[in-house]
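Student: Got a predicted structure plus its sequence, pasted below:
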Amino acid sequence: MVAARQLAIVPRWWSWLYDSNSRSHFQRRFVLDKGRCLDIRGKMKIGMLSPHTTYETYLVFKIYEDACGLDSANTSIRFVNEREEVPDDEASTVYPDPRTSAHNIEQRNGVLSRWRKDEWMEIKTGEFETGARDDDDEVETRFMSTDTNILKTGLIVQGIEFRPKQPMAVV
């Protein structure tokens with residue numbers, strides 16, 4: 001996992017939250033106080049991952065009861081040395097707030113958040129194949145706002161998790 005303190009964010013809308021019950025590397029989380037820009041980026045060097053493996057990336061977070069503006073967001077993933085940015089029309093839509101994502105699910109085409117066993121939530125931000133890339137190459141996943149006119153508040157971020165994709169179960 002890329003811990004919150006290692007993520008790239010726009011600092012003026014965020015504050016730090018300290019949790020003494022967590023492992024030292026994950027004691028600091030950041031909280032979206034009030035802001036119109038939501039742009040979280042996490043990078044990982046390919047050399048830290050297994051070669052020729054498909055990985056999925058997940059934003060690990062919680063939402064305060066009085067959170068707002070977190071109905072939907074966009075996510076993308078890219079290899080840093082290959083692309084400057086991912087165009088908006090190639091980004092995926094996600095629905096992080098379970099209170100709003102439950103409404104009209106059948107009409108939405110996107111990824112919903114889900115609860116984890118550790119009482120945090122997660123939402124998939126991307127998928128990629130490491131292939132035979134150079135160890136110094138980096139992969140970046142991004143979670144960003146879809147509407148800067150809406151005030152956003154109440155998101156607590158623990159980090160972004162990179163994990164091997166599990167094979168589909170055969171029924």
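Tutor: In hand now; what should we look at?

Student: quick one: D39 and L155, what's the gap?
Tutor: Separation of D39 from L155 (CB to CB, to the nearest Å) stands at 12 Å. No exception for glycine: its C-beta is placed from N, CA and C like everyone else's.

Student: who has more neighbours, those two?
Tutor: Counting neighbours by other CB atoms under 10 Å for D39 and for L155 shows that L155 has the greater number, 25 against 16.

Student: State the helix or strand in which that one lies.
Tutor: Per DSSP states H and E, L155 falls inside strand 153-164.

Student: ditto for R99
Tutor: Assigned by DSSP H and E, R99 belongs to helix 98-101.

Student: could you give the mean pLDDT of that helix?
Tutor: Averaging pLDDT along helix 98-101 gives 70.

Student: Equivalent analysis for stretch 8-25, please.
Tutor: Averaged across stretch 8-25, the pLDDT comes to 66.

Student: Just the buried residues of stretch 114-129, please?
Tutor: Buried residues in stretch 114-129, counted by 16 or more other CB atoms under 10 Å: W120, M121, E122, I123, K124, T125, G126, F128.

Student: If you could redo that for stretch 86-95, that was the one I meant.
Tutor: Using 16+ other CB under 10 Å as the burial criterion, the residues of stretch 86-95 that qualify are V86, A91, S92, V94, Y95.

Student: in what helix or strand does the residue most central in space within the chain lie?
Tutor: With distances taken as CA atoms, centre = their mean, the chain has L59 as the residue nearest its mean C-alpha position (2.8 Å). Using DSSP H and E, L59 maps to strand 54-68.

Student: Against which helices or strands is that strand packed?
Tutor: Contacts defined by 3 or more CB pairs under 8 Å, 6 or more residues apart in numbering; DSSP states H and E place strand 54-68 against strand 121-129, strand 138-145, strand 153-164.

Student: Cheers, nothing more for now.
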